[in-house]
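*Asks:* Following is a predicted model, sequence given first.
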Amino acid sequence: MAYTTMQNNFIPPTQREKEVLKLVIMGLNNKEISKQLFIASCTAKIHVQSLLKKFNVTNRLQLSIIALKLNVVDISEDEILQICSREVY
């Protein structure tokens, strides 16, 4: 599994990357992340790419699962409910 490979040389995410990661877990795209964090969309994209590389994964779903499994970010019950109620289209 990807996270076992990653653990040996794991570089923890920065505080800003953790903020981005939480929004990725919540299902936001780069444009939505940029609006939430008041950053440029290309900056959000760079943070996501950096996280994918740090966690040695290829997509946002893998990133989210591993980050939750490793307890990298704190997710409240309300935020979990938001994730579950988010419409996917």
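*Replies:* That came in fine, so what should we check first?

*Asks:* If you count contacts, what does the host helix or strand of Ile46 end up packed against?
*Replies:* Ile46 belongs to helix 41-54 when assigned by DSSP states H and E. With contacts defined as 3 or more Cβ pairs under 8 Å, 6 or more residues apart in numbering; DSSP states H and E, the packing partners of helix 41-54 are helix 15-25, helix 30-37, helix 60-69. (Each C-beta comes from the backbone N, C-alpha and C, glycine too.)

*Asks:* could you redo the last one with a cut-off of 7 Å?
*Replies:* In terms of contacts (3 or more Cβ pairs under 7 Å, 6 or more residues apart in numbering; DSSP states H and E), helix 41-54 is packed against helix 15-25, helix 30-37.

*Asks:* Okay, buried residues for stretch 60-68 please.
*Replies:* By neighbour count on 16 or more other Cβ atoms under 10 Å, the buried set for stretch 60-68 is Arg60, Gln62, Leu63, Ser64, Ile65, Ile66, Ala67.

*Asks:* Contact partners for the most centrally placed residue in the chain?
*Replies:* Centroid-nearest residue in the chain, with Cα atoms, centre = their mean: Leu21, separated by 2.4 Å. By Cβ atoms under 7 Å, 6 or more residues apart in numbering, the residues touching Leu21 are Pro13, Leu51, Ala67, Val72, Val73.

*Asks:* ok so, going back, rebuild the helices and strands packed on helix 41-54 as a markdown table, extending it with mean pLDDT and distance to Asn56.
*Replies:* Shown next, in a markdown table, are the helices and strands packed on helix 41-54 (pLDDT from 0 to 100; distance: least, Cβ to Cβ, whole Å):
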| stretch | mean pLDDT | distance to Asn56 |
| --- | --- | --- |
| helix 15-25 | 97 | 14 |
| helix 30-37 | 97 | 20 |
